[in-house]
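Chemist: My questions concern the predicted model and sequence given below.
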Amino acid sequence: MCGIVGIIGGRPVSRLIYHSLFSIQHRGQSSAGKLTYDGNIHVYKDAGLVREVLNDDRKINTPGNVGIGHTRYSTAGMDDVDSLKQNAQPEYLVNPFLATVHNGNIYNGPEVAKKMKRTPRTDCDIQWLLLPMADQLYKKDLAVETIADACSKVMTMVKGSYSALFLADAGDHPFLFAMTDPYKIRPLVLGKSDGTYCLTSETRVFKKVNFEYVKDIPGGSVVIIDEEGNIFEKQLIKKQEKPCMFEFVYFAKPDSRINGRSVHSVRVQIGRLLAERYPVDADIVVPVPESGRRYATGFSRESGVPLDEGLMKDKDERSFIQQTQESRDKVVEEGLSYLRSVLNGKRVILVDDSIVRGTNIRKLVHGIKAAGAKEVHIRIGCPPLIAPCYLGIDMRSKKEFMARDANGKIKTWDTMAKEIGADSLAYTGIEDLKVAIGSDICKGCIEFPEGYPPSMQEDVVKFYNNKKRGMRAYECM
């Protein structure tokens with residue numbers, strides 16, 4: 001799960017990309033980068049946050065009326081600093097000149113490699129998009145028809161999820177183009193401002209750079225834009241879209257919209273349904289900041305139990321997307337304070353978005369009770385996570401989910417409540433989740449394997465059964 005942005009028009013785009021990257025920093029915190037183009041390539045990328053990588057005017061203000069940027073959440077390659085540096089995006093080639101960023105996960109890399117003429121220079125799965133595309137465009141006159149044909153051929157080669165942006169040059173006539181997977185697992189939206197166009201992961205970017213939302217890009221599509229603002233769009237493969245349910249419950253910011261649905265409103269509605277289905281006598285509803293806030297709002301409104309801030313966030317980092325368990329624990333331990341004046345003597349309903357490994361929620365329950373709470377009841381916006389994601393979320397092992405026991409069986413909610421020290425535990429049901437989101441969704445991590453798109457189910461079962469220690473979920477084919 002990453003953040004991508006591409007901008008093209010009749011004015012310099014570097015600073016627009018820089019500000020856009022801050023708006024999607026939450027989508028990836030392991031590396032960042034941007035590339036602009038004016039006949040020369042101007043690229044800066046490294047491990048770290050946007051403010052650390054693009055840390056002076058020389059890097060922020062690079063020339064060019066077209067460019068792409070990326071914030072990376074690592075789901076491919078190793079997690080040491082050297083690997084994060086090496087796999088930072090944008091990635092590019094010079095013959096032909098082609099640069100790209102992507103959000104998602106290509107899981108059939110070895111199969112794609114057999115069809116390529118080039119050797120990958122990193123272990124990031126972006127190579128399975130960049131190199132086949134370069135092969136298709138090599139020694140060809142770059143035009144809309146050529147690009148569309150190349151995208152069509154690459155789509156038939158790769159399996160997985162992708163919303164990808166490419167920057168290609170035809171002499172003095174560069175193109176920015178996008179490609180989405182047929183199921184539209186990962187979001188991509190188009191905006192405009194005075195003849196300048198922006199393709200990015202979330203609509204909140206448009207507010208940051210004063211662009212107007214145009215549309216969500218459909219699945220299986222190619223969108224091609226030149227510097228004059230001419231746009232070509234074609235849906236090459238049409239399937240039932242299945243946007244990732246985790247975008248709605250965790251990754252996207254609440255002020256974004258996905259397929260016309262307000263992420264804020266979806267989370268509030270999930271909270272309402274939780275209160276309706278699983279009420280509990282309590283004194284206060286407490287959100288886990290910031291991820292549980294909208295769910296808690298909905299729960300409080302439906303239940304009538306007052307909302308109060310019993311936890312205070314000290315650090316603006318997301319524990320789930322940290323690269324190691326040690327760093328996740330550190331974010332939790334250093335990132336929250338417990339307000340005794342709010343919690344002492346109270347029956348607390350603690351509301352959050354999801355539970356993966358259970359480490360964080362245990363610490364929270366312990367901290368709340370240490371602050372004097374009489375009871376702690378957990379309500380979770382996402383159904384129990386039971387299987388790895390093979391489409392762009394780093395859940396490596398089928399054994400790391402709190403919802404499964406050592407033998408792989410699904411635990412009861414009462415069993416899990418006892419394990420984390422809570423007085424009760426309840427999750428949103430899958431059908432309620434679909435109702436709140438208002439459309440079909442990819443739900444393979446909560447309903448395995450049936451929750452995956454039909455054409456992927458045989459593949460993901462093989463991954464699941466071939467899991468090897470220390471390897472990422474999709475690397476086990």
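Modeler: Okay, I see it.

Chemist: count of neighbours near A282?
Modeler: Using other CB atoms under 10 Å, A282 has 21 other residues around it. For every residue, glycine as well, the C-beta is placed using N, CA and C.

Chemist: who's in contact with it?
Modeler: 305, 346-349, 375, 377 (CB atoms under 8 Å, 6 or more residues apart in numbering).

Chemist: how about low-confidence regions in the stretch 251-400 of the chain?
Modeler: Low-confidence segments of the stretch 251-400 of the chain (pLDDT under 70): 315-334, 396-397.

Chemist: show me where it has helices.
Modeler: For the stretch 251-400 of the chain, helices defined by DSSP state H, counting those that start in this stretch occupy the ranges 263-277, 293-303, 325-335, 340-343, 359-370.

Chemist: I'd like the list of the contacts of A282 that fall within strands, please.
Modeler: Among the contacts of A282, the members falling in strands (DSSP state E) are 347-349, 375, 377.

Chemist: so which pair among the residues you listed is furthest apart in space?
Modeler: Based on CB to CB, the longest span within the ones in strands among the contacts of A282 runs between I349 and E375 and measures 9.0 Å.

Chemist: what about these two, which has more around it?
Modeler: I349 (31 against 17).

Chemist: S291 is in contact with D353, correct?
Modeler: Yes. With contact defined as CB atoms under 8 Å, D353 reaches S291; the gap is 4.3 Å.

Chemist: Neighbour count for those two, which is higher?
Modeler: D353 (24 against 21).

Chemist: Tell me who's in contact with the more buried one.
Modeler: Contacts of D353 (CB under 8 Å, 6+ apart): 249-250, 267, 288, 291-292, 295, 380-382.

Chemist: circling back: let's see if you can find the most crowded of the contacts of A282.
Modeler: Scoring these on neighbours with other CB under 10 Å, the highest-scoring entry is I349 at 31 neighbours.

Chemist: now the contacts of A282 in JSON lines, with distance to R15?
Modeler: Listed next are those as JSON lines, based on distance: CB to CB, whole Å:
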{"residue": "V305", "distance to R15": "46"}
{"residue": "K346", "distance to R15": "48"}
{"residue": "R347", "distance to R15": "51"}
{"residue": "V348", "distance to R15": "45"}
{"residue": "I349", "distance to R15": "44"}
{"residue": "E375", "distance to R15": "51"}
{"residue": "H377", "distance to R15": "48"}
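
Chemist: ok, of those residues, which one's closest to I7?
Modeler: Set against I7, the nearest of the contacts of A282 by CB to CB is I349 (43.6 Å).

Chemist: Which among the helices of the stretch 251-400 of the chain is found nearest to P449?
Modeler: Closest approach to P449 among those is made by helix 263-277 (24.0 Å; CB to CB).

Chemist: Pull out the buried positions in that closest one.
Modeler: Neighbour-count burial for helix 263-277 flags 263-264, 266-275 (criterion: 16 or more other CB atoms under 10 Å).

Chemist: With stretch 351-366 instead?
Modeler: Buried residues in stretch 351-366, defined by neighbour count with 16+ other CB under 10 Å: 351-357, 359-365.

Chemist: Switch these over to CSV; also include distance to V50.
Modeler: Formatted as CSV, these follow (distance: CB to CB, whole Å):
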residue, distance to V50
V351, 30
D352, 26
D353, 24
S354, 25
I355, 29
V356, 25
R357, 27
T359, 27
N360, 25
I361, 29
R362, 32
K363, 29
L364, 29
V365, 34
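
Chemist: Let me know the closest of the residues you listed to W128.
Modeler: Distance ranking of the buried residues of stretch 351-366 against W128, using CB to CB, places V356 first at 26.6 Å.

Chemist: so what's the backbone phi/psi at the closest one?
Modeler: Main-chain torsions, V356, degrees, to the nearest 10: phi -110, psi -70.

Chemist: Excluding chain neighbours, what is closest to it?
Modeler: Setting aside the residues directly before and after it, V356 is nearest to L385 in space (CB to CB, 6 or more residues apart in numbering), at 5.5 Å.

Chemist: quick one: that neighbour and I393 touch, right?
Modeler: No. The pair L385 and I393 does not pass the contact test of CB under 8 Å, sitting 9.4 Å apart.

Chemist: Need the overlap of contacts for the two.
Modeler: Joint contacts of L385 and I393 (CB under 8 Å, 6+ apart) are C445.

Chemist: Between which two of the contacts of A282 is the distance greatest?
Modeler: Within these, V305 and E375 form the most distant pair, 12.5 Å apart (CB to CB).

Chemist: Contact partners for the residue lying closest to G3 once chain neighbours are set aside?
Modeler: Computed as CB to CB, 6+ apart, the closest residue to G3 that is not its neighbour in sequence is I24, at 2.9 Å. The contact partners of I24, by CB under 8 Å, 6+ apart, come to 3-5, 71, 200-202, 204-205.

Chemist: Repeat that for I60.
Modeler: Listed by CB under 8 Å, 6+ apart, the contact set of I60 reads 14-15, 18, 54.

Chemist: Now with 6 Å, please.
Modeler: Residues in contact with I60 (CB atoms under 6 Å, 6 or more residues apart in numbering) are 18, 54.

Chemist: likewise E212?
Modeler: 191-192.

Chemist: what about it, distance to V189?
Modeler: Distance, E212 to V189, using CB to CB, to the nearest Å: 11 Å.

Chemist: Next: K140.
Modeler: Shown here: K140 relative to V189, a distance of 29 Å by CB to CB.

Chemist: Compare those two and say which is more crowded by neighbours.
Modeler: Legend: neighbour count by other CB under 10 Å for K140 and V189, higher for V189 (24 against 13).

Chemist: Does the more buried one touch S201 like I think?
Modeler: No. At 7.6 Å, V189 and S201 do not qualify as touching, with contact defined as CB atoms under 6 Å.

Chemist: can you give me the strands for the stretch 101-250 of the chain?
Modeler: Secondary structure of the stretch 101-250 of the chain, counting by DSSP state E, counting those that start in this stretch: strands at 160-168, 175-180, 189-193, 196-200, 212-216, 221-226, 231-235.

Chemist: Turn the ones you listed into JSON lines, including distance to Y464 and mean pLDDT.
Modeler: Putting the strands of the stretch 101-250 of the chain into JSON lines (distance: least, CB to CB, whole Å; pLDDT from 0 to 100) gives the following:
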{"stretch": "strand 160-168", "distance to Y464": "15", "mean pLDDT": "97"}
{"stretch": "strand 175-180", "distance to Y464": "26", "mean pLDDT": "98"}
{"stretch": "strand 189-193", "distance to Y464": "32", "mean pLDDT": "98"}
{"stretch": "strand 196-200", "distance to Y464": "33", "mean pLDDT": "98"}
{"stretch": "strand 212-216", "distance to Y464": "31", "mean pLDDT": "98"}
{"stretch": "strand 221-226", "distance to Y464": "30", "mean pLDDT": "98"}
{"stretch": "strand 231-235", "distance to Y464": "31", "mean pLDDT": "97"}
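
Chemist: All set now, cheers.
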